[in-house]
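Trainee: This is a predicted model, with the sequence first.
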Number of protein chains: 2
Amino acid sequence: MSSESQELGITESKSHKPGEWYAEVVQKAGLADYAPMGGFIVTKPRGYALWERIQDALDGWFKETGVDNVYFPMFIPESFLEREKDIVEGFDPEVAWVTQGGHDELEERLAVRPTSESIIAPFMADWTRSHRDLPLRLNQWCSVVRWEATETKPFFRTKEFMWQEGHTAHADSEGAWEEVWTRLSQYERVYEDVLAIPVLRGKKPEHDKFPGADTTTTVEALMPDGKSVQGGTSHHLGQSFADAFDITYVDEDEDERTAYTTSWGLSWRALGALIMTHSDDQGLVLPPTIAPTQVVIVPIWQEDTKDDVLEYSQDIADDLEDAGFRVELDDRDERNPGFKFNEHELNGVPLRLEIGPYEVEDEEITLVHRPDNEESVADRDGIVDSVDDHLETIFEKLYDTAEEHLENNIREADSPEEIMGTIGKHGGYVKVPWCGDEACEEAIKEKVSAEIVMQPLEEQGGTTAGVPKAPEDDDAVCAVCGEPADQLAYFAKSY
Amino acid sequence: MSSESQELGITESKSHKPGEWYAEVVQKAGLADYAPMGGFIVTKPRGYALWERIQDALDGWFKETGVDNVYFPMFIPESFLEREKDIVEGFDPEVAWVTQGGHDELEERLAVRPTSESIIAPFMADWTRSHRDLPLRLNQWCSVVRWEATETKPFFRTKEFMWQEGHTAHADSEGAWEEVWTRLSQYERVYEDVLAIPVLRGKKPEHDKFPGADTTTTVEALMPDGKSVQGGTSHHLGQSFADAFDITYVDEDEDERTAYTTSWGLSWRALGALIMTHSDDQGLVLPPTIAPTQVVIVPIWQEDTKDDVLEYSQDIADDLEDAGFRVELDDRDERNPGFKFNEHELNGVPLRLEIGPYEVEDEEITLVHRPDNEESVADRDGIVDSVDDHLETIFEKLYDTAEEHLENNIREADSPEEIMGTIGKHGGYVKVPWCGDEACEEAIKEKVSAEIVMQPLEEQGGTTAGVPKAPEDDDAVCAVCGEPADQLAYFAKSY
């Protein structure tokens, strides 16, 4: 076992070995551990606290916009999964199956839910009789299991992951579209306002939609290593599930009609994006909006100054707590200030207040803030305002850095060579005119494992909802095959 | 399909057919539905909202008392489950097994967690090095699966159920005992202060402990039908899990020691107890502490009075909302007031405000409150205080009724015949001196399916923590076998 001070340091470099660096930050900042079974992780207190903040934000917005929480069984009978053909084709290869209950073989295998449309839709059918029952908006916070054989990457690639899944039914397609945008906007808002990560909104190409969906919309976030993260998806499911599960209603003229449904989900991958975007070689960096501890106070004392320093520190801690900040006073005897500095940096506390005898004497406080360890001195009197300003500045710095990175990494290309060259050299997004043929994407994917992660949309709502934006030039041709191109596509490598 | 007004009514009687009545209330009040697989239920919005209020209360208290939330995998490898022998013996007959992932057979079966000690303990071992790491307090909100072949009873008996499971490690047994009492007290508090249900505290008999536990403590609630509900349990696990999983630490003298652990859980059975305790033949009855809607305003108008009535109603709704009450103004056009009264009674809204043209004119409001439909009139001016008083009164009425029922249903007995006679005639608890021999319980259980559900404890804390209370009479003899009895036991039928 290495010594504790060595354990504190991040040894890998974010720029040189982003994968190893990420795994080290996750473990050393106490966010997650690897479970004994490949593909599973244990979410530790500091990791779970971040997930709770995302939950709190989204759950509040969902409830404000008419969504009710529910809980459906974690198992889905095989015969239910088979009722919507795209779902069974899409998920069958990666379902974990319960086949035994106690000492008995089950008569019918039960799927551990990979997503819950197939168990929720039959109840939607039951609960929807009249147009007055619509829209019906349900959400559940749970975990799902997808048995993928890829390498484990905490929060990005795990066989079990936590998420929320929303499921709604509407009288018409327009209502379903409105729902799709509402949820996509809430995902955008959680990334931008809570996680300090700007995102791009768009749709997935037709061949990469959610199984059973008419349209899959997405928010995409660009990571510092140039790869895109699918940050959350909101699906217009058309009538595929309504047809398969008989979700019909009687309209105002007493005619029976088939409903339209949507589903939308955001997983703990948002935590992966958060960690990856802002953190550095000192450890986790968190925007104050989500940091469980926003301010840590580290008192620095000798025996003869201890009482004064601690009293002064406690007083400030009380003031900040009263003002609503999440504060920790780290008065541990057994650790020296240097150790504490490193530990709180590693753990992503945005703002550190250092208080020694000089600060007490001068009625001042030294402030050091992440991400750049900028140091400043503030008066004791105005400490609440100073802390507020600093936290705001930290958020802005993090957001601006991420935004600049995003803006600088959307490039255009005219040929397959240029697409591949740009992706190879810079990463990021390459925006191209595209003919819409999957084969053109495949040609790029085979060579540089980049794919179309997003297509910007013409408009949101109205009759062309879900139609991808056209190239500005009417005579545009596909950057891959040279045939006429009526839509734009963003290529990128992705997580 | 029956007409909507028929559907609204509860047709079964609580006193004559409590089982059927319960099932009807659960479904008609929109709390839960039966899933297609036997033993599973779907928790609907109104049911889940109740669970969320229990979660909010407990989660807040847990956090105030040093508990961190975490999330462990829902699967436990068979070899881990086997490491603590009592756990595997206790749960093996009721484990759901995942044996296939995608198209492949798994090399090792994975248990869908029936409880998580066996996957959490090895990580506690990892995370506990020094006495400074203790106490370690973890909790997770999740569902677990136990494949029991009994009849489904929503919230009481389901193969999958929602709960929280707390897991802690301590330097010594005293620390573990303190934890056990803290959590038991929080369970008592959630029953008494949130659910308006008085409970009895005690321990389970030795032969009925949680697998691997030294002592299982419990809060028991008496239902109106005379059966006891195990409301929540808090286990002193001694060193059984610490030994099996090597949870050791280095103490202040640099000696290696084995830790002591606890676990404690409260499930959605609390919802079952809530529904069963207070509800009646009109439907669900909820204390205002947990009711998602505390006050419903039903305006009563004719065409010519509509505007005035609605304006006055809206104004009152705003006042009440500003004062922090959870209010609904039911201004639906398509339903008449009688229908609304029935519906809100069925759904358990504690207080109804009726507002018609006379109320507007006289600046008054008619209030009708559950559980007894007591009607009164209040002045418009003091409506906030009046509502507050009424809600408090409703809580007290519910609590007092339950308390009286509990107090009147603890009886004593001296012989097996008397125990069985009393249980048969009255239900409730029968308090007896007991020798401690399981055979004596078995003799009663065989004949009247009543068992020892609880033993009151001598004291909480100190050297005799966990020791059952002795009979007052030093020469007491076991009510079943007549041998000397050194402990008290409560027989009851149970859920």
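Mentor: Everything's here; your move.

Trainee: Please list the residues of the stretch 201-350 of chain A that sit near chain B.
Mentor: Within the stretch 201-350 of chain A, the positions near chain B by CB under 8 Å from any CB of the partner chain are A:Glu334. Every residue, glycine included, has its C-beta placed from N, CA and C.

Trainee: Check the stretch 201-350 of chain A for the residue nearest chain B and tell me.
Mentor: Distance from chain B to each residue of the stretch 201-350 of chain A (CB to the nearest CB) is smallest for A:Glu334, at 7.4 Å.

Trainee: For the lengthiest helix in chain A, buried residues please.
Mentor: Scanning chain A for the helix with the most residues, using DSSP state H, yields helix A:383-407. Neighbour-count burial for helix A:383-407, counted by 16 or more other CB atoms under 10 Å in any protein chain shown, picks out A:383, A:386-388, A:390-391, A:394-395, A:397-399, A:401-402, A:405-406.

Trainee: Which parts of the stretch 151-300 of chain A are strands?
Mentor: Taking DSSP state E, counting those that start in this stretch, the strands of the stretch 151-300 of chain A run over residues A:160-170, A:200-203, A:215-222, A:228-236, A:248-250, A:256-258, A:260-267, A:295-299.

Trainee: So for stretch A:197-210, mean pLDDT?
Mentor: In this model, stretch A:197-210 has a mean pLDDT of 95.

Trainee: for that stretch, how far is the first residue from the last?
Mentor: Using CA to CA, to the nearest Å, one end of stretch A:197-210 lies 24 Å from the other.

Trainee: next one: stretch A:147-154
Mentor: Terminal residues of stretch A:147-154 are spaced 15 Å apart (CA to CA).

Trainee: quick one: that stretch near chain B?
Mentor: Yes. Using CB under 8 Å from any CB, stretch A:147-154 reaches chain B at A:Trp147, A:Ala149.

Trainee: Name the surrounding residues that touch that stretch.
Mentor: Residues from elsewhere that reach stretch A:147-154, judged by CB atoms under 8 Å, 6 or more residues apart in numbering or on different chains: A:19, A:22-23, A:26, A:31-32, A:34, A:38-41, A:93-96, A:157-159, A:272, A:495, B:101-102.

Trainee: Which of those residues fall in helices?
Mentor: A:Gly19, A:Tyr22, A:Ala23, A:Val26, A:Gly272.

Trainee: What's the PyMOL line that selects buried ones from those residues?
Mentor: Selecting only the buried entries of those in PyMOL, with 16+ other CB under 10 Å as the criterion:
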select buried, chain A and resi 22+23+26+272
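
Trainee: what's around the residue of the stretch 351-495 of chain A found nearest chain B, how many residues?
Mentor: Going by CB to the nearest CB, chain B is nearest to A:Tyr495 of the stretch 351-495 of chain A, at 20.9 Å. Residues near A:Tyr495, counting by other CB atoms under 10 Å in any protein chain shown, number 18.

Trainee: cool, and A:Asp255?
Mentor: 9.

Trainee: what about stretch A:255-264, start to end distance?
Mentor: Stretch A:255-264: ends 29 Å apart by CA to CA.

Trainee: buried residues in it?
Mentor: Residues A:Arg257, A:Ala259, A:Tyr260, A:Thr261, A:Thr262, A:Ser263, A:Trp264 are the ones in stretch A:255-264 that count as buried (16+ other CB under 10 Å).

Trainee: Just the C-alpha atoms of stretch A:309-316, please, in PDB.
Mentor: Output of stretch A:309-316 as PDB, limited to C-alpha atoms (Å, rounded to 0.1, in the frame of the first residue of the first chain):
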ATOM      1  CA  VAL A 309      -7.700  31.200  14.400                       C
ATOM      2  CA  LEU A 310     -10.300  28.600  15.100                       C
ATOM      3  CA  GLU A 311     -12.800  31.000  16.600                       C
ATOM      4  CA  TYR A 312     -12.300  33.400  13.700                       C
ATOM      5  CA  SER A 313     -12.700  30.600  11.200                       C
ATOM      6  CA  GLN A 314     -15.800  29.200  12.900                       C
ATOM      7  CA  ASP A 315     -17.400  32.700  12.800                       C
ATOM      8  CA  ILE A 316     -16.800  33.000   9.100                       C
END
